[in-house]
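Student: pasted the sequence and its predicted model underneath.
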2 protein chains.
Amino acid sequence: MDSIQQSFSVRFTYPVHFTEYLFDQANPLLLSFFEQQRTEGFQKKALFILDEGVTQHHPNLPAQIAAYFKTQSFVQLIPDLITVPGGEQAKNDPALIGRLIDAIDNYGIDRHSYVVAVGGGSVLDLVGYVAAISHRGIRHVRIPTTVLSQNDSGVGVKNGVNYQGKKNFLGTFAPPVAVFNDFQFLTTLDDRDWRAGISEAIKVALVKDPAFFERMEADANALAHRDLEAMKYLVHRCAELHMQHIAGGDPFEMGSSRPLDFGHWSAHKLEYLTDFEVRHGEAVAIGMALDCLYANRIGWLSDNETDRILNLMRTLGFSLYHPALDTDNSEGVLRGLTEFREHLGGRLTILLLKTIGRGVEVHDIDAELVRQSIAFLRETETQPV
Amino acid sequence: MDSIQQSFSVRFTYPVHFTEYLFDQANPLLLSFFEQQRTEGFQKKALFILDEGVTQHHPNLPAQIAAYFKTQSFVQLIPDLITVPGGEQAKNDPALIGRLIDAIDNYGIDRHSYVVAVGGGSVLDLVGYVAAISHRGIRHVRIPTTVLSQNDSGVGVKNGVNYQGKKNFLGTFAPPVAVFNDFQFLTTLDDRDWRAGISEAIKVALVKDPAFFERMEADANALAHRDLEAMKYLVHRCAELHMQHIAGGDPFEMGSSRPLDFGHWSAHKLEYLTDFEVRHGEAVAIGMALDCLYANRIGWLSDNETDRILNLMRTLGFSLYHPALDTDNSEGVLRGLTEFREHLGGRLTILLLKTIGRGVEVHDIDAELVRQSIAFLRETETQPV
Ligand SMILES: NC(=O)c1ccc[n+]([C@@H]2O[C@H](COP(=O)([O-])OP(=O)(O)OC[C@H]3O[C@@H](n4cnc5c(N)ncnc54)[C@H](O)[C@@H]3O)[C@@H](O)[C@H]2O)c1
Ligand SMILES: NC(=O)c1ccc[n+]([C@@H]2O[C@H](COP(=O)([O-])OP(=O)(O)OC[C@H]3O[C@@H](n4cnc5c(N)ncnc54)[C@H](O)[C@@H]3O)[C@@H](O)[C@H]2O)c1
Ligand SMILES: [Zn+2]
Ligand SMILES: [Zn+2]
């Protein structure tokens, strides 16, 4: 018989704001957002969910938020600000998902109200997931507090939680309605989190923007010494490149090209091999070093550029070797290639650099050359802290 | 500081096929779909999930499916066809969600493989939800087996499960990659399910297509006597109108206008009041009767058209009164108005008919006129079976 072809487009828009002291009474940014979103006849609510790692360093935050919303009626703040554990554990606990869903239910947060997450990438991923599945999608505002979440995960369209030890097994593509990057949060990060988030900026520069790479080389010492001005530029430019990539390509990743997975095949494996003791950004730095050395060995990336990339990461304080790289059995890093291929659905696709700012996809990797690259890192790098 | 405005569109397309004997070796439709979807270098898999209510009436179905896929290599059938309980219970059991997620994990169903659901709206809603949240969305094929799922839920973009007794509390908007409506499945439905699915066709005709309404009037006796040819036309036209509505408007329901909720405010409440003993379509028939009588009382819908609508539903065998309508306390049907308003986020919006084929939204409902309409149904209708 016959068929009907369905076809439609859905438009998604959201602003990403860069600011400081977001909850200062003098900062109108967040309230203007809610003001603009008012609809005659609707009393919208906002349920806040806070990363405990943030509130520990900013104990006044809940009081500040309460004071900030006190003077207006555009949106009704749910007075019970919910605090959840920060870091990867936020994504590991099914009971936490239940707790947040129950809060959404109990406080009557519907599709016209908001869930606002303040925290690192882990808490944003958890809250984004809960918001996405409740009532078929509640409006979700993100206030990222780490370098990684401000320049990458928080400005994108993905969320996720872990399922029985499987990283991001459950999740959706669900854009936020607004993102507010407050740079002041970055001042309380510990050094490892400050640094780890820089990896994704290096990655996106290597794949898309050689001028940005040069700027990071120039700023490397300042960044290593936690200069906030240098970091502001980095976060802004990295976020912008990420957002352009999403908008310009395949936002919900229906195809299989993934250029922003540069350096990630071994990084994912390294995180698992070290039981996530190595942070994602730290693993990506090592993964990029490995893939640059490999590209150099097959005659793509020049000696000079390879050195520049490794040196930038060293100056920033990254360790480019980890003993787990030498796990010499079937579960070692090379196994990551197979897993990455399976993850992609059958065909291996790895982006390698021709030069800084331009990569080309390959579908085969020579295991022996990977081993040589690992050996090079083992010999040249100092031991990790 | 400054802001970056993100903006992109995501395009969704899927065919809805109308066929019979889908798994007959002579029917190439489903295999051609998988053939067209082949990608060099990927071995795609298909995990089938079957509604137990369907396999009970079609005990050969699993063997037929196995035989159907035997002769080709476009897609690898997972030999373990999973069967789940049919009906609303499919959406009530969190353990079932876990079981399906585990199957997706164990059989390595990734974003390039397929989950194929064969069943009524309940099983499709469950499987659609599980597919949508696994790996941020697995390709999902729907094979609806009830009138309601073939003409409405199965050709649309929503999924959902119940959470702690709350209907559809969890769910997403996630279009399928293809839908195959096999009319032969409808022959084994029990009379109530055959009839209940017709409500949504009446609804969409009343709101959008007077000629379709007239066609149903002409076919009413045939439909009441389970004439499959009459049903084919009805399912096809209703599916088409639904799909046009989705594509033409607001597919992911980001706004608040919901014309296809005609007759639904009291229907939802009636389902709850009867503990879902009254099926959705049966409740919608009563809800439409109520809102037509109301529209007639405020001088909108003519006496003649009101009679025609009620008579069509009577001829089809719908009971237009249920004692639960007269639950005379704060939990009665009128409470449904308040809940519907809350569900919409604060402002009540109800579509009422001016004439067959055209509705207008109102924001106030006069409780006394609703009571009069209920009284009218109590007096004129025979008791429900
Ligand atoms: N959704 C995506 O597109 C995407 C992309 C990349 C990574 N991710 C995910 O992001 C997660 C990692 O996020 P992350 O790197 O932001 O780390 P994180 O969220 O795990 O946070 C690291 C630690 O910093 C603490 N913290 C957060 N903000 C702080 C602040 N301002 N001051 C002091 N401490 C603070 C947290 O409590 C936590 O203990 C991973 O789960 C990863 O899978 C998601
Ligand atoms: N996602 C949406 O957009 C949407 C829209 C409307 C309704 N729904 C949902 O759909 C569900 C109702 O679906 P439904 O009306 O299709 O009923 P159903 O899926 O609940 O099935 C009713 C009964 O029929 C059985 N059955 C299914 N196919 C059969 C066949 N071919 N022969 C014999 N028995 C068969 C089932 O096992 C079940 O016992 C509700 O949960 C409702 O919320 C969803
Ligand atoms: Zn990364
Ligand atoms: Zn309905």
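Tutor: Perfect, I can see it now. Ligands and ions are numbered 1, 2, ... in the order given.
Student: quick one: stretch A:45-55 near ligand 1?
Tutor: Yes - Stretch A:45-55 comes into contact with ligand 1 (Cβ under 6 Å from any ligand atom), by way of A:51, A:53-54. Every C-beta, even on glycine, is put in place using the N, C-alpha and C of the backbone.
Student: kindly report the same for stretch A:265-272.
Tutor: No - Stretch A:265-272 stays clear of ligand 1 (Cβ under 6 Å from any ligand atom), getting no nearer than 9.0 Å.
Student: likewise for stretch A:221-238?
Tutor: No - Stretch A:221-238 lies out of reach of ligand 1 by Cβ under 6 Å from any ligand atom, never closer than 11.9 Å.
Student: let me see the mean pLDDT of that stretch.
Tutor: Average pLDDT, stretch A:221-238: 98.
Student: just give me how far that stretch sits from the chain centre.
Tutor: Centre-to-centre, stretch A:221-238 and its host chain are 17 Å apart (Cα atoms, centre = their mean, to the nearest Å).
Student: tell me, how many residues neighbour the residue in the stretch 51-200 of chain A positioned nearest to chain B?
Tutor: Nearest to chain B in the stretch 51-200 of chain A, going by Cβ to the nearest Cβ, is A:His112, at a distance of 3.1 Å. Neighbour count for A:His112, taken as other Cβ atoms under 10 Å in any protein chain shown: 20.
Student: please apply the same query to the one 3 residues further on.
Tutor: Residue crowding around A:Val115 was assessed by other Cβ under 10 Å; the count is 29.
Student: list the contacts of the helix or strand A:Phe48 falls within.
Tutor: Per DSSP states H and E, A:Phe48 falls inside strand A:44-51. Here strand A:44-51 makes contact (Cβ atoms under 8 Å, 6 or more residues apart in numbering or on different chains) with A:34, A:37-38, A:61-62, A:65, A:69, A:74-78, A:81-84, A:86, A:90, A:100, A:103-104, A:107-109, A:112-120, A:122-123, A:127, A:141, A:145, B:345-346.
Student: after that strand comes which helix or strand?
Tutor: Sequence order places helix A:52-57 as the next helix or strand after strand A:44-51, per DSSP H and E.
Student: identify the residue nearest the residue in the stretch 251-385 of chain A that ligand 1 sits nearest to in space, chain neighbours excluded?
Tutor: Nearest residue of the stretch 251-385 of chain A to ligand 1, counting by Cβ to the nearest ligand atom: A:His280, 5.4 Å away. Closest residue to A:His280 apart from its sequence neighbours, by Cβ to Cβ, 6 or more residues apart in numbering or on different chains: A:Glu271 at 6.2 Å.
Student: so what's the one you found up against?
Tutor: So A:Glu271 contacts A:167, A:278-280, A:283 (Cβ under 8 Å, 6+ apart).
Student: and it, that one's in a helix?
Tutor: Yes - the assignment for A:Glu271 by DSSP: H, G, I helix; E, B strand; the rest coil puts it in a helix.
Student: if I look at it, how far off is A:Leu316?
Tutor: 19 Å (Cβ to Cβ, to the nearest Å).
Student: partners of the strand holding A:Phe48, with directions?
Tutor: strand A:75-77 (parallel), strand A:82-84 (parallel), strand A:114-119 (parallel) (DSSP bridges).
Student: comparing the ones you listed, which comes out most buried?
Tutor: Compared across the strands paired with strand A:44-51, strand A:114-119 shows the largest average neighbour count, a mean of 28 (mean count of other Cβ atoms under 10 Å in any protein chain shown).
Student: now find how far off-centre the next helix or strand after that one is within its chain.
Tutor: The helix or strand immediately downstream of strand A:114-119 is helix A:121-133, counting by DSSP H and E. The chain centroid and the centroid of helix A:121-133 are separated by 12 Å, computed with Cα atoms, centre = their mean.
Student: and the angle for helix A:121-133 with strand A:44-51?
Tutor: 150 degrees (axes from the mean of the first three to the mean of the last three Cα atoms, to 10 degrees).
Student: list the helices and strands helix A:121-133 packs on?
Tutor: strand A:44-51, strand A:82-84, helix A:94-106, strand A:114-119, strand A:139-144, helix A:147-151, strand A:161-163 (3 or more Cβ pairs under 8 Å, 6 or more residues apart in numbering or on different chains; DSSP states H and E).
Student: okay, these in a markdown table with mean pLDDT next?
Tutor: As requested, the helices and strands packed on helix A:121-133 are arranged in a markdown table below (pLDDT from 0 to 100):
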| stretch | mean pLDDT |
| --- | --- |
| strand A:44-51 | 97 |
| strand A:82-84 | 98 |
| helix A:94-106 | 97 |
| strand A:114-119 | 98 |
| strand A:139-144 | 98 |
| helix A:147-151 | 98 |
| strand A:161-163 | 95 |
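Student: go through the ones you listed and name the closest to A:Gly197.
Tutor: helix A:147-151 (2.5 Å; Cβ to Cβ).
Student: how about that closest one and ligand 1, touching?
Tutor: Yes - using Cβ under 6 Å from any ligand atom, a contact is recorded between helix A:147-151 and ligand 1, made by A:148-149.
Student: for that helix, give me every contacting residue.
Tutor: Contacts of helix A:147-151 (Cβ under 8 Å, 6+ apart): A:119-121, A:124, A:142, A:144, A:181, A:183, A:186, A:189, A:193-194, A:196-198, A:200-201, A:231, A:234-235, A:238-239, A:242, A:280-281.
Student: for that helix, the distance to its chain's centre please.
Tutor: Centroid displacement of helix A:147-151 relative to its chain, using Cα atoms, centre = their mean, is 6 Å.
Student: for A:Arg11, see how far away the closest residue to A:Val16 other than its chain neighbours is.
Tutor: With Cβ to Cβ, 6+ apart as the criterion, A:Val16 has its nearest non-adjacent residue at 4.3 Å, and that residue is A:Val179. Plainly put, A:Val179 is 17 Å away from A:Arg11 if you go by Cβ to Cβ.
Student: compare the two (neighbour count), which wins?
Tutor: Taking other Cβ under 10 Å, A:Val179 and A:Arg11 do not tie; A:Val179 has more neighbours (27 against 10).
Student: what about the residue nearest the centre of chain A, distance to A:His242?
Tutor: The centre of chain A sits closest to A:Ser153, judged by Cα atoms, centre = their mean, with a distance of 2.7 Å. Using Cβ to Cβ, A:Ser153 is found at 9 Å from A:His242.
Student: likewise A:Cys292?
Tutor: Computed with Cβ to Cβ, the distance linking A:Cys292 and A:His242 is 21 Å.
Student: before we move on, back to that, tell me the predicted confidence for the residue of the stretch 51-200 of chain A closest to chain B.
Tutor: The model reports A:His112 with a pLDDT of 86.
Student: same thing with A:Leu260?
Tutor: For A:Leu260, pLDDT reads 88.
Student: name the element the residue lying closest to it once chain neighbours are set aside belongs to?
Tutor: In this structure, A:Leu260 finds its nearest non-sequential neighbour in A:His245, 6.3 Å apart by Cβ to Cβ, 6+ apart. Using DSSP H and E, the element containing A:His245 is helix A:228-248.
Student: just the buried residues of the one helix or strand A:Ala66 maps to, please?
Tutor: Per DSSP H and E, A:Ala66 falls inside helix A:61-70. The neighbour-count check on helix A:61-70 (16 or more other Cβ atoms under 10 Å in any protein chain shown) flags A:61-62, A:65, A:68-69 as buried.
Student: if we can go back for a sec, so which of the strands paired with strand A:44-51 gets nearest ligand 2?
Tutor: When those are ranked by proximity to ligand 2 (Cβ to the nearest ligand atom), strand A:114-119 comes first, at 22.9 Å.
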